[in-house]
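Novice: Sharing a model prediction with you, sequence too.
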Amino acid sequence: MGTMGKGGDGAARLSRNESIEVHLYGKVLDVSAFSKSHPGGAKALRIFHQRDATEQFEMYHSPEAHKKMRAMAKGARDAPKEDEVSQSEIGKDFAALTQKLHDIGCFDPHPVDEVVKLGITLLPGIVGFYLLHNGWPALGSFLVAFSFYMSGWTSHDYLHHAVFKGSNDKLVGWNNAMGYALGAWQGYTVDWWRARHNTHHLVTNEHGNDPDIMTAPVLTYVRNNPKIAAALNAAQRWQQYYYVPAMSLMDMYWRFESIQYLAARPFAKMWGSWLLLAGHYAALFYLFRGQMAWLLFTMLCRGFLTGIVVFSTHYGEDILDGGKHGMTLVEQTALTSRNITGGYLVNVLTGYISLQTEHHLWPMMPTGHLEKAQPFCREFFKKHNLLYRESNLYECVKYNIKALEYESALSKARKVE
Ligand code: HEM
């Protein structure tokens, strides 16, 4: 999908040469020089220029990174108290809840779940390739698509450093290594995915900042806004009808975006990722030899499965101002995330992405523990009068369709006139 074409508020206001100051644990840190070598990229820091990033830092970093941050904070000036959302009552209560989840083992490794997940990811692919060449090409290519689809969720967990725990080597190094291997299996560039997905987590549904919601012109979310509705062209007015079938093109689109990301960067930096991608396509064409039409079917199925699930959890929800909106992480998550209901089977078949609210609050939590964290999360939402959004998959798709409909927005506006 293309981009919205509108300048982002938060990140874009700062030019690349201006200094970047982020607020962490009540201090103002100048991260201008560090931004060039920050493993989470410069954009993450630019977006949080003069914003409290304490909760975002907490959710993403290893003890090693904490140590480095503390060294950088020595001698830094105090941040203005009124800007520190992490120090609000709800912010402090949320930090206490996170600590409690650590104490009851929700951040401990979950080897059984990880082995099950790897099995569900790789076995269908192996069986699928066998069936493809042994008389069952439709079932075989669907199983390959399912394997690539599951690989998306499994690599996602490793790249969030949510599987191996322990020393820094294990936490960062081994998780990343597995993430790259599974990324190569499904055919996406991990560097592209990390840049995109981490930004999405840091600034979920923020207009101009979150790359995931930049879906125009193919899908332009109207959300009852008559101004946007009136500006849609004749083709876009069909978007609520073509949204579901368009999901099947997502695999081809993400493959294209992956290659585009690599092509836009110096080869000397990206050669490893080019090599992995070349290995993926060499293997793919070899494994589909003589059955190339079924490769297209595989891509359409994979795109559809992933697209429907991904679009169900955020796209029909609120869109926030891309600047300093003054919300804590938990308040932002409550407005922008929706869980998919259905219980254990749905959780496993969506790689636990169905527990989207919990995953956004604690991305480094092994996904097998998200169910354990859920009742605490619900209770917290209730205590702080936050809406805990959840629906079955069909309802989630309907929310999206509603947010894409232009007629209802226009007719509402006419009634008001
Ligand atoms: C100024 C102090 C900071 C230091 C010293 C720092 C350091 C690091 C380090 C060492 C990593 C690699 C993973 C790890 O060891 O945990 C990392 C990853 C990351 N950082 Fe930071 N960081 C800082 C601030 C921030 C801020 C303010 C944000 C966001 C607002 C941020 C977002 C990220 C993200 C999203 C990643 C994940 C990258 C990935 O593994 O895919 N960092 N950071």
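Specialist: On my side now, so go ahead.

Novice: so what's D103 up against?
Specialist: The neighbourhood of D103, defined by CB atoms under 8 Å, 6 or more residues apart in numbering, contains no residues. Bear in mind the C-beta positions are built from the backbone N, C-alpha and C, glycine included.

Novice: do the same with F129
Specialist: 140, 144, 287.

Novice: close enough to count as contact, A138 and A293?
Specialist: No. A138 is beyond contact range of A293, at 10.7 Å (criterion: CB atoms under 8 Å).

Novice: what about the two, which has more around it?
Specialist: Each of A138 and A293 has its neighbours counted (other CB atoms under 10 Å); A138 has more, 12 against 9.

Novice: which element is the more buried one on?
Specialist: helix 137-159 (DSSP states H and E).

Novice: And the contacts of stretch 387-396?
Specialist: Against stretch 387-396 from outside (CB under 8 Å, 6+ apart): 308-309, 312-313, 316-317, 334, 337-342, 346, 357, 377-378, 381-382, 399.

Novice: Alpha carbons of that stretch, in PDB - could you do that?
Specialist: The C-alpha trace of stretch 387-396 is given here as PDB (Å, rounded to 0.1, in the frame of the first residue of the first chain):
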ATOM      1  CA  LEU A 387     -12.100   0.400  27.300                       C
ATOM      2  CA  TYR A 388     -10.700  -3.100  26.700                       C
ATOM      3  CA  ARG A 389     -11.400  -3.700  23.000                       C
ATOM      4  CA  GLU A 390     -12.000  -7.200  21.800                       C
ATOM      5  CA  SER A 391     -14.100  -8.900  19.100                       C
ATOM      6  CA  ASN A 392     -14.100 -12.000  17.000                       C
ATOM      7  CA  LEU A 393     -12.300 -12.000  13.700                       C
ATOM      8  CA  TYR A 394     -15.500 -11.400  11.700                       C
ATOM      9  CA  GLU A 395     -16.500  -8.400  13.800                       C
ATOM     10  CA  CYS A 396     -12.900  -7.000  13.500                       C
END
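
Novice: what does the protein have sitting close to the ligand?
Specialist: Residues of the chain lying near the ligand by CB under 6 Å from any ligand atom: 22, 29, 31, 38-40, 44-45, 48, 53, 56-57, 60-62, 64-65, 68-69, 72, 159, 172, 194, 198, 202.

Novice: Where helices are concerned, which of those residues count?
Specialist: Using DSSP state H, the subset of these located in helices is 44-45, 56-57, 60, 64-65, 68-69, 72, 159, 194, 198, 202.

Novice: picking that back up, for the helix holding A138, name the packing helices and strands.
Specialist: helix 111-132, helix 175-186, helix 190-202, helix 292-312 (3 or more CB pairs under 8 Å, 6 or more residues apart in numbering; DSSP states H and E).

Novice: most neighbours, which of the contacts of F129?
Specialist: V144 (28 neighbours).

Novice: what's the nearest residue to that residue if we skip its chain neighbours?
Specialist: G128 (3.8 Å; CB to CB, 6 or more residues apart in numbering).
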